[in-house]
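Q: Predicted coordinates and the sequence they were generated for:
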Amino acid sequence: MDKILVQETDKGVLELLSLVLQEGGYGVLSTTGVEGILEQIDKFRPHVVMLDFKLNGEECIKAYKIIRARYPHLPVIALSCNSNIHSEYSKYGFDDYISKPFDINHLYSVLREHMPKPMNIP
């Protein structure tokens, strides 16, 4: 099962996002803050991390840098309601972004793009 760690400060959005992801067949670990995020990653071993990029994204960017330093190949996706996230996410090194409010089909599409590909073994 593909696993996703979701960090979102709005508890209502976090609950909805977690439910949508679980219904999509993903294992989900949800959190409202970024404190202890490396320990959570160490224990849960997600395939993708989603971080809440709010306002100027300062806290999210710091968390991203910490994650990237230890896990350079772990995809990290920015979640944001900022109207300029489409041009900001790559500037800071995020692998992708999901705008809020999110479209479920687009959410699944972005996640599939960043999940490990199954190996073709004849």
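A: Arrived safely, thanks for sending.

Q: what's the span of stretch 82-101, first residue to last?
A: Distance between the two ends of stretch 82-101: 10 Å, counting by C-alpha to C-alpha, to the nearest Å.

Q: Please shift the residue numbers so they start at 580 in all later answers.
A: Renumbered: residue one is now 580, and that last one reads stretch 661-680.

Q: which parts of it are buried?
A: Of the residues in stretch 661-680, 661, 664, 667-668, 673-679 count as buried by neighbour count, 16 or more other C-beta atoms under 10 Å. Placement of C-beta: from N, CA and C, glycine included.

Q: ok, now stretch 637-653?
A: Across stretch 637-653, burial judged by 16+ other C-beta under 10 Å covers 638-640, 642-643, 646-647, 650, 653.

Q: And for stretch 612-621?
A: By neighbour count on 16+ other C-beta under 10 Å, the buried set for stretch 612-621 is 613, 616, 619-620.

Q: so the residue nearest the centre of the chain, which of the three states?
A: Residue closest to the mean C-alpha point of the chain, counted by C-alpha atoms, centre = their mean, is Met629 at 1.2 Å. Three-state call for Met629 (DSSP: H, G, I helix; E, B strand; the rest coil): strand.

Q: Isn't it up against Asp675?
A: No - using C-beta atoms under 8 Å, Met629 is not in contact with Asp675; the gap is 9.5 Å.

Q: which residues are in contact with both of the two?
A: Taking C-beta atoms under 8 Å, 6 or more residues apart in numbering as the criterion, Met629 and Asp675 both touch 656-657.

Q: any idea how far Asp675 is from Ser688?
A: Distance of Ser688 to Asp675, given as C-beta to C-beta, to the nearest Å: 10 Å.
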